[in-house]
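Chemist: Sequence plus the predicted model coming up.
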Amino acid sequence: MVRKGLAGSSPAPGTRSSGRSDPAAPRLEDPQVHLTGRTRIAPTPSGFLHLGNAVNFLITERLAQRQGARILLRIDDLDAERVRAEYVEDVFEALPWLGIQPHEGPRNGKEFQEQWSQQLRLSRYHQLAATLRSQGHLYGCVCSRRERILLQGTGRSTCTCRDQTRDLDAPDVTWRLRVPERCPVKVRSLFGADVVTDLFELMPDPVLRQRTVDGVARPAYQLASLADDVDHGTTFIVRGEDLWPSTVCQVHLAGLLSLPDFQHVRFVHHPLLLDDDGNKLSKSEGALALRAMRERGTDPAELRSMADAVLARIEGRT
Ligand SMILES: [Zn+2]
């Protein structure tokens with residue numbers, strides 16, 4: 001379970017003992033006691049962190065301070081084949097450089113591997129997929145990536161697999177969610193009004209389990225992220241705008257899975273930083289990688305200013 005380190009978390013440095021006999025009871029003078037909200041910083045260690053990641057982390061931290069929320073460091077290593085130890089280490093070097101101290105989560109690569117990796121929680125994600133399967137919300141898709149790309153030019157938003165009955169346990173079958181053709185979803189906003197949008201228009205039939213490879217089928221990001229947020233008690237999430245369809249998908253899934261707490265999670269979707277050519281920043285080793293900035297002595301205060309400017313833009317448009 002992700003919900004760990006709560007009762008046993010250490011008091012903040014410099015706090016006085018309350019003198020209570022129960023060591024697990026919260027101390028009123030502990031400055032973290034009032035932190036009732038929860039959020040997370042959730043990098044994916046499939047590349048080195050870049051400026052865009054830093055801006056996301058710093059906005060998250062700023063809003064956590066304002067909202068009175070604890071921050072979990074959650075390293076999303078679901079796609080194990082793309083994870084490298086140096087990318088994980090990069091997270092533990094970048095956060096202190098940025099001046100960010102998560103309240104919960106791994107403090108180093110060893111703790112991450114032993115206690116916090118998503119690979120330790122696969123059964124939880126599979127359990128959610130199995131529940132959706134038992135409810136009849138899934139179908140098996142055998143389309144190749146190329147066939148799915150070609151589909152986009154046909155005017156159809158779903159493949160013909162949707163209309164067939166396939167054995168979900170057969171090899172080479174991807175599990176997809178059957179999204180109703182009219183599927184309004186309400187997403188709560190941290191700022192401004194809630195938004196009602198249609199999942200079918202945004203993301204018809206997302207993959208919830210990848211096809212089996214070497215006897216192993218990986219649950220999809222949508223389920224893992226939802227499960228982790230639910231089990232951690234997340235109350236608000238800060239994401240790039242590119243994840244808006246994922247947000248809508250996850251809120252819909254929470255409804256199907258009777259996870260009402262997630263339907264009350266509040267969201268901030270911030271604009272993405274673009275490179276000089278107008279493209280989304282990728283996890284590169286280029287000049288905008290945080291480790292390159294550390295090496296050339298960039299002042300992290302510059303990044304904080306940048307994050308505050310992005311946050312001001314978000315708040316100004318609501
Ligand atoms: Zn298909």
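Modeler: That came in fine, so what should we check first?
Chemist: for the strand or helix carrying Arg176, packing partners?
Modeler: Of the helices and strands defined by DSSP states H and E, Arg176 is found in strand 174-177. With contacts taken as 3 or more CB pairs under 8 Å, 6 or more residues apart in numbering; DSSP states H and E, strand 174-177 sits against helix 122-134, strand 138-141, strand 207-209. Quick note: C-beta positions are derived from backbone N, CA and C, even for glycine.
Chemist: For stretch 159-167, which residues meet the burial criterion?
Modeler: Residues of stretch 159-167 classed as buried by neighbour count (16 or more other CB atoms under 10 Å): Cys159, Cys161, Arg162.
Chemist: Run through who's touching the helix or strand of the chain with the lowest mean pLDDT.
Modeler: Across the helices and strands of the chain, mean pLDDT, DSSP states H and E gives its lowest value to helix 145-151, namely a mean of 82. For helix 145-151, the external contacting residues (CB atoms under 8 Å, 6 or more residues apart in numbering) are Cys143, Ser157, Thr158, Cys159.
Chemist: try 7 Å
Modeler: With contact meaning CB atoms under 7 Å, 6 or more residues apart in numbering, helix 145-151 is reached by Cys159.
Chemist: what do you get for stretch 152-164?
Modeler: By CB under 7 Å, 6+ apart, stretch 152-164 touches Tyr139, Gly140, Cys141, Val142, Cys143, Arg148, Leu151, Arg178, Pro204, Asp205.
Chemist: Mind doing that once more with 8 Å?
Modeler: When contacts are defined by CB under 8 Å, 6+ apart, stretch 152-164 is touched by residues 139-143, 147-148, 151, 176, 178, 200, 204-205.
Chemist: same deal with stretch 208-218?
Modeler: Under CB under 8 Å, 6+ apart, the answer for stretch 208-218 is 78-79, 122, 126, 129, 132, 138, 171-177, 219-220, 222-223.
Chemist: The ion contacts on the chain?
Modeler: Cys141, Cys143, Cys159, Cys161 (CB under 5 Å from the ion).
Chemist: in a helix, that's where the last one is, yeah?
Modeler: Yes. With the criterion set as DSSP: H, G, I helix; E, B strand; the rest coil, the secondary structure at Cys161 is a helix.
Chemist: neighbours around the residue in the stretch 201-318 of the chain that the ion sits nearest to, how many?
Modeler: Scanning the stretch 201-318 of the chain for the residue nearest the ion gives Asp205, at 8.5 Å (criterion: CB to the ion). Other residues near Asp205 come to 19 when the count uses other CB atoms under 10 Å.
Chemist: Just list the residues touching it, thanks.
Modeler: Counting by CB under 8 Å, 6+ apart, Asp205 makes contact with Tyr139, Cys141, Ser157, Thr158, Cys159, Arg162, Arg176, Leu177, Arg178, Val179.
Chemist: residue contacts, Thr131?
Modeler: Leu257.
Chemist: Turn the buried residues of stretch 159-167 into a markdown table, including pLDDT.
Modeler: Formatted as a markdown table, the buried residues of stretch 159-167 follow (pLDDT from 0 to 100):
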| residue | pLDDT |
| --- | --- |
| Cys159 | 90 |
| Cys161 | 94 |
| Arg162 | 93 |
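Chemist: Same list, those, but as a markdown table with distance to Leu273 please.
Modeler: Compiled in a markdown table, the buried residues of stretch 159-167 are given as follows (distance: CB to CB, whole Å):
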| residue | distance to Leu273 |
| --- | --- |
| Cys159 | 34 |
| Cys161 | 37 |
| Arg162 | 37 |
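Chemist: from those residues, which is closest to Trp97?
Modeler: Here the nearest of the buried residues of stretch 159-167 to Trp97, counting by CB to CB, is Cys159; it sits at 45.5 Å.
Chemist: And that closest one, how far from Leu208?
Modeler: Remark: distance between Cys159 and Leu208 (CB to CB, to the nearest Å) = 15 Å.
Chemist: now Asp172
Modeler: From Asp172 across to Leu208, the span is 16 Å (CB to CB).
Chemist: who's more crowded, these two?
Modeler: More crowded of Asp172 and Leu208, by other CB under 10 Å: Leu208, with 23 against 11.
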